[in-house]
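*Asks:* sequence plus predicted model, see below.
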Amino acid sequence: MTESQRSQRLFFALWPDAQTRARIAKQARVLARRQGRPVAAENLHITLAFIGASGPEQRSCLEAQGTQVRVEPFCLELSRVGYFPRARVLWVGPQTTPESLLGLVVRLNRVLAPCGYRPEPRPFAVHVTLFRKANPVREAPAFEPVPWPVRDFCLVESVSDRNGVHYQVLRRFR
């Protein structure tokens, strides 16, 4: 199979800049004493729309449709630690979700439909996964607020190799 024919695991995401990523990772290290498997700092993100396995035609459609989405820049403030018991994930997210972010997700869900995308049936939960296989949290640990200026969103590929999973930003949409 040639490079142009291979399937890719794709998703749209908010991708933090280097400074924001470093601040999130620093706060995660503070929590690390009692948690599960940490997510690598370079993999920290917020998933907006998980596409899954995609061929070259679907990727082209996704990229073309992504250019149709416009949203004003906004700022997130990550300060709330939470736990998804079923997935055993410890995460951080905002206390309140900016309307601009909700609008971005709604627009993406709508414009990606012609590409075969079907939105997740569960409500959108804004979060950055910090730990997988995490222990249950009885009381949310403190997390020093991290401001995240959002200026774009990305189409990202999830790549698995012998060292684990890493993500590659394929395209940014301003």
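*Replies:* Happy to help now that I have it.
*Asks:* all strands of the chain, in order?
*Replies:* Remark: strands assigned in the chain by DSSP state E are 8-14, 37-38, 46-54, 74-84, 89-94, 128-132, 146-150, 153-161, 164-173.
*Asks:* ranking those by mean pLDDT, which is last?
*Replies:* Within the strands of the chain, the stretch with the lowest mean pLDDT is strand 37-38, showing a mean of 90.
*Asks:* near the residue nearest to G116 when sequence neighbours are not counted, how many other residues are there?
*Replies:* Computed as C-beta to C-beta, 6 or more residues apart in numbering, the closest residue to G116 that is not its neighbour in sequence is Q58, at 6.2 Å. (C-beta placed from N, C-alpha, C; glycine too.) Q58 has 19 neighbouring residues, counting by other C-beta atoms under 10 Å.
*Asks:* what residues are up against Q58?
*Replies:* By C-beta atoms under 8 Å, 6 or more residues apart in numbering, the contact set of Q58 is 51, 115-116.
*Asks:* redo that, cut-off 10 Å
*Replies:* With contacts defined as C-beta atoms under 10 Å, 6 or more residues apart in numbering, Q58 is in contact with 7-8, 10, 51-52, 112, 115-117.
*Asks:* buried members of those residues into PyMOL, please.
*Replies:* Per 16 or more other C-beta atoms under 10 Å, the buried members of these correspond to this PyMOL selection:
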select buried, resi 8+10+51+112+115+117
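*Asks:* among the contacts of Q58, which two are most distant?
*Replies:* Within these, two members stand farthest from each other by C-beta to C-beta: S7 and L112, at 17.3 Å.
*Asks:* what pLDDT, on average, does stretch 56-63 get?
*Replies:* pLDDT averaged over stretch 56-63 gives 97.
*Asks:* name all residues that make contact with G93.
*Replies:* Counting by C-beta under 10 Å, 6+ apart, G93 has contacts 46, 76-82, 125-128, 143.
*Asks:* burial of F50, as a residue count?
*Replies:* Neighbour tally, F50, other C-beta under 10 Å: 15.
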